[in-house]
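A.B. asks: The following block contains a protein sequence and its predicted model.
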Amino acid sequence: MTKTFNYSILVAGVALTIATGCKKNNPQTVPTLTSSTVNGVGISTASGGGTITSNGGATITATGICWSSKNNTPTTSDTTASGSATTGSFTASLANLQSNTTYYVRAFATNSAGTGYGNVITFSTIVDTTKVSFAYNGATVTYGVLISPKTGRKWMDRNLGASRVATSASDSLAFGDLFQWGRLADGHQLRTSDTTSVLSTTDVPVNSKFILALNNPATDWRSPSNDNLWQGSHGVNNPCPIGWHVPFASEWQAETGIVDSTSAYAQLKLTATSGYRFLDGTFVGKTTGRYWTASPISNGGTTYLLRVNATTVTSNTVIQRGDGLSIRCIRD
């Protein structure tokens, strides 16, 4: 009886040892999976997903995708979206993306052992042709894009420095900044900028002050004058973003539908009461809107096409380069 009992205990012990050994040889692991190709890529959205190839020996409790524009191996610490299933294949949507941006995305799945990741997929969002974002005066700004009904050309929807697109021809929040001809957006164009009577001998002045040109025979902030400034999107001191430029006189002249403040506002959302800054630093002409062209003339002045008031638009008028006028950028 005793021998039989001991034998039974021995058999039970061996079975337990085998069972325990099997458990140790088959530990749970994180899931394995592959990432799906990203589809439906738009300006700010896309869709992705993954396929689970192994659950790692434990129930999968969560799936999804993670993505980043800066981290090329994104994790769940980056932006995520939950998957549609916890077995087989699943899908998820990416949202709130930035246009014209490269992203890195991969699928993930989680069980009790941790989170496993699929391969990294790279894609780029579409360029938003209805908006343009760029650095201006130390900050990133986003402007809308208007398509002229007359020429089909693309114009920014507001003057440089304006806080919004005009709601009327006299909307003060759409007036924007006032540039001296040929200068960068270095701060001199702000209506609150300080002034200096020291002319600049270089294309980029040593400070960001509005340069008083009243005593300069050429009425220019630069001495000597330089006719080669602002010539296209890659031109010296172009204040518009790459791909955009200060319009040439011919580009303004092509907008033949602009004949008064009403049509100027209707066609390109131009303001007609923004005024300008005279070369002595004072603000004048507040019943008109004045817009630079990039087309110079040789006597130190330059042409601007539009002098918009309530009833007329004057073109090809000579004005001093030391004056501060509005700028409306046009697409190359």
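C.D. replies: That came through fine.

A.B. asks: separation between the residue nearest the centre of the chain and Asn96?
C.D. replies: The centroid of the chain falls nearest to Ser133 when counting by C-alpha atoms, centre = their mean (2.8 Å). Relative to Asn96, Ser133 is positioned 15 Å away (criterion: C-beta to C-beta, to the nearest Å). Heads up, the C-betas are built off the backbone N, CA and C, glycines and all.

A.B. asks: Tell me how far the residue lying closest to Arg331 once chain neighbours are set aside lies from Ser69.
C.D. replies: Nearest non-adjacent residue to Arg331, counting by C-beta to C-beta, 6 or more residues apart in numbering: Lys154, 3.8 Å away. For Lys154, the distance to Ser69 equals 26 Å [C-beta to C-beta].

A.B. asks: Looking at the two, which one has more neighbours?
C.D. replies: Neighbours around Lys154 and Ser69, counted as other C-beta atoms under 10 Å, are more numerous at Lys154. The numbers are 19 against 16.

A.B. asks: what pLDDT does that one get?
C.D. replies: Predicted confidence (pLDDT) for Lys154: 95.

A.B. asks: Go ahead and confirm it touches Tyr143.
C.D. replies: No. Counting by C-beta atoms under 8 Å, Tyr143 is not a contact partner of Lys154; they are 11.2 Å apart.

A.B. asks: tell me the domain ranges of this protein?
C.D. replies: 32-124, 129-332 (automatic domain parsing).

A.B. asks: quick one on the thing from earlier: strand partners of the helix or strand where the residue nearest to the centre of the chain lies, parallel vs antiparallel please.
C.D. replies: Using DSSP states H and E, Ser133 falls within strand 131-136. Here strand 131-136 is paired, per DSSP bridges, with strand 139-147 (antiparallel).

A.B. asks: who's in contact with the strand it pairs with?
C.D. replies: With C-beta atoms under 8 Å, 6 or more residues apart in numbering as the contact definition, strand 139-147 has outside contacts at 129-135, 153-158, 165, 268-269, 331.

A.B. asks: can we see that at 6 Å?
C.D. replies: Strand 139-147 is contacted by residues Thr130, Lys131, Val132, Ser133, Lys154, Trp155, Met156, Asp157, Arg158, Val165, Leu268 when judged by C-beta atoms under 6 Å, 6 or more residues apart in numbering.
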